[in-house]
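Need coordinates for the below:
(one chain, ligands or ions: 3)
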Amino acid sequence: MAAVDHGEQLDQRGNGAHARARGRSAPIRFLSGGKVIEIENVDPCKSVLNFLREDLRRKGTKEGCAEGDCGACTVVLGELNGDRVELKTVNACIQFVPVLDGKALFAVEDLRQGDGALHPAQQAMVQCHGSQCGFCTPGFVMSLWNVYQDNVARGTRCGDAELRTALTGNLCRCTGYRPILEAGQKMFDLPTVALDRPQLAARLRQLRRDSSLVYESEGRRFHAPRTLAELVAARAARPQATLLAGCTDIGLWVNKQFRTLADIIYIGEVAELKRMQARDGALAIGAGVTLSDAYAALVKHYPQLRAMWERFASVPIRNAGTLGGNIANGSPIGDSMPWLIALHSRVVLASARGTRTIALEDLYLDYMKKSMEADEIVAAVEVPLPTPDLRFRTYKLAKRYDSDIAAVCAAFALWLDGDRIVRARVAYGGVAAIPKRAAACEAALAGRTWNEATARAAYAALAADYTPLTDMRASQRYRAKTSQNLLWRFYLETRVAAPLPATALDVFSAVAEAA
Ligand SMILES: Cc1cc2nc3c(=O)[nH]c(=O)nc-3n(C[C@H](O)[C@H](O)[C@H](O)COP(=O)(O)OP(=O)(O)OC[C@H]3O[C@@H](n4cnc5c(N)ncnc54)[C@H](O)[C@@H]3O)c2cc1C
Ligand code: FES
Ligand code: FES
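Numbers count the residues shown, from 1 in each chain. Ligands and ions are numbered 1, 2, ... in the order given. Predicted coordinates for the structure are as follows:
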């Protein structure tokens, strides 16, 4: 039996003692169904979804796509942030079991009340006819439960926008969503059933490790260092190991490409990498900070990033995935790199030899090739804070608003002295093998007056900057044309005389992009 259920009894020996008693490998321990689950001899790359269904025989959580897209597998993780419990939805199909260590896992079975009654999130779905075939329902219910618990804890009820955001990661082929949205309001009208957060916090504190987790099974090792020094030492010792952050890219290597990963070094427990701090005129974001937290902090300085934040995948993906993982993966169609490059962000690389900081654009050499040594990790990204002379926008073109990969991403940053462009930085994704600056376009902008003639010259120059590909997301012609149209949109939104508000331009750009 791989999983041991310890019931209400929590082993008080501490995890270090456990590891010593058994040699190097320690069991994974987490809370589920109100009990401590202790795991040994489970493949470190087994998904939480498969573990729930196959090992715990809890089959409420469903598999739809196995790639983080549909939300049928949505579960909620509870973890300590300081002394507070935070709840967040994640896609169980692309999370590995050892990541559960020290956390609480909530699946749909956990919503049943002591007397067998449904939770308000479930009862409201019944009353509003929010379920037809039912395959998506457990996932929706978990997203509803999460947003319900967060609102109940704050003494609020969620508005329509918050509810829609919470459900961005859940797809339903049957209901048309209206009944589900109604259920999301109705659940607050039913008698309140709140999670006992202080009790959960106390139990999670008991699970806290006093040293890093090293878990070995089936000849493979999952190491979760707790300090940067420990992480870079582990990386130096095993440069071939897979560095794991939020698993939203890596999960697909296993599920879709059927890759077998050897050793894994998990960065999600490294305290230094989970920090954000303003220093030297920049916001430094540790590589372990989730996309949800990173973008939440960034939009306070750059409200222009809000649409990009909302359009980056879905809430469960943003709750697990990291900005560091987006940068390290370096996909040419990743959302964050164009605006990070346009803002002249720097990336901090760390190894046992020390740290070095380089401009982000210098990280990318060629398709999936980076200027990183085998023993280096991405430790942080430093995003310069805005200055009053900056005009900045970033845009994403994709077929769907939520949860879709971009055909083209563009970012523009101009530093103006009056109406004169002192400095111009323009970067695109989706139009070259790497996220890349538009050198000819920038040259057509720098030193000129920010007016229609300059915008037209830059529009023409852009044609020399990229040779886009045709693929399943878009044709070469579409990418070339829309790249230019996005520049034109930027001009209309930021021109010195009478800039158009972004909302007015949505209609215009839809027409221009189709042209
Ligand atoms: C359904 C779905 C939708 C998505 N939508 C979008 C989208 O809209 N826009 C977008 O840009 N991306 C999207 N992605 C891709 C993915 O979510 C992002 O690239 C995410 O930022 C990856 O972060 P992660 O922490 O999950 O990385 P992981 O999957 O853990 O790792 C990704 C890569 O980076 C490496 N890595 C991670 N951290 C470090 C580090 N600190 N140092 C060195 N190497 C490291 C890993 O070894 C691996 O090679 C989507 C993915 C899914 C499954
Ligand atoms: S099964 Fe579709 S998101 Fe996990
Ligand atoms: S009820 Fe059938 S997929 Fe949602």
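
tally of neighbours for the closest residue in space to residue 374 that isn't next to it in sequence?
Excluding the flanking residues, the one nearest residue 374 by CB to CB, 6 or more residues apart in numbering is residue 239, at 3.9 Å. (Glycine included, C-beta is placed from N, CA and C.) Residue 239 has 12 neighbours, counted by other CB atoms under 10 Å.

can you tell me how far the residue of the stretch 51-200 of the chain at minimum distance from ligand 1 sits from residue 95?
As assessed by CB to the nearest ligand atom, ligand 1 sits closest to residue 68 within the stretch 51-200 of the chain, at 3.3 Å. If you measure residue 68 against residue 95 using CB to CB, to the nearest Å, the figure is 9 Å.

where does residue 103 fall, phi/psi-wise?
phi -110, psi 180 (degrees, to the nearest 10).

got the contact list for it?
30, 31, 77, 78, 79, 204 (CB atoms under 8 Å, 6 or more residues apart in numbering).

Assign a three-state SS to the residue nearest to it when sequence neighbours are not counted, would you?
Among residues not flanking residue 103 along the chain, residue 79 sits closest, at 4.6 Å (CB to CB, 6+ apart). Recorded secondary structure, residue 79: strand (DSSP: H, G, I helix; E, B strand; the rest coil).

could you give the mean pLDDT of stretch 388-398?
For stretch 388-398, the mean per-residue pLDDT is 97.

From residue 302, how far off is the closest residue to residue 465 other than its chain neighbours?
Counting by CB to CB, 6+ apart, residue 438 is the residue found nearest to residue 465 once chain neighbours are left out, at 4.1 Å. The spacing between residue 438 and residue 302, counted by CB to CB, is 20 Å.

Give me the more crowded residue out of those two.
residue 438 (29 against 22).

Would you agree the more buried one is in contact with residue 425?
No. With contact defined as CB atoms under 8 Å, residue 438 does not reach residue 425; the gap is 9.1 Å.

which stretches of this protein aren't confidently modelled?
Residue ranges of the chain with pLDDT under 70: 1-23, 500-515.

what residues go with each domain of it?
1-209, 225-386, 391-515 (automatic domain parsing).

Out of those domains, the one nearest residue 219 is which?
domain 225-386 (8.6 Å; CB to CB).

where does the protein come near ligand 1, residue by residue?
67-69, 242-250, 252, 267, 287, 291, 312-313, 317, 320-322, 324-326, 328-329, 334-335, 377-378, 403, 405 (CB under 6 Å from any ligand atom).

Contacts only, for the residue lying closest to residue 435 once chain neighbours are set aside.
Spatial nearest neighbour of residue 435, excluding adjacent residues (CB to CB, 6+ apart): residue 337 at 3.5 Å. Neighbouring residues of residue 337 by CB under 8 Å, 6+ apart: 326, 327, 330, 360, 364, 409, 427, 429, 435.

With neighbour count and distance to ligand 2 added, can I get these in CSV?
Shown next, in CSV, are the contacts of residue 337 (neighbours: other CB atoms under 10 Å; distance: CB to the nearest ligand atom, whole Å):
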residue, neighbour count, distance to ligand 2
326, 24, 19
327, 24, 24
330, 21, 24
360, 23, 30
364, 21, 29
409, 29, 23
427, 26, 30
429, 26, 24
435, 29, 26
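
which residues touch residue 382?
279, 280, 282, 283, 284, 285, 345, 346, 347, 348, 357.

So the fourth one is in contact with residue 301, correct?
Which is residue 283. Yes. With contact defined as CB under 8 Å, residue 283 reaches residue 301; the gap is 6.5 Å.

returning to what we had before: what is the burial count for the residue nearest to residue 103?
Neighbour tally, residue 79, other CB under 10 Å: 19.

rewinding a little: closest one to residue 217 among the domains of the chain?
Of all the domains of the chain, it is domain 1-209 that lies closest to residue 217, at 5.3 Å by CB to CB.

quick one: the closest one to chain centroid distance?
18 Å (CA atoms, centre = their mean, to the nearest Å).

buried ones in the helix or strand that contains residue 146?
Element membership for residue 146 (DSSP states H and E) is helix 137-154. Using 16 or more other CB atoms under 10 Å as the test for burial, helix 137-154 gives 137-152.

what subset of these is also close to ligand 3?
residue 137.

which of the buried residues of helix 137-154 lies closest to ligand 3?
residue 137 (6.0 Å).

out of the contacts of residue 337, who's nearest residue 418?
The nearest one, if we look at the contacts of residue 337 relative to residue 418 and count by CB to CB, is residue 427, at 24.8 Å.
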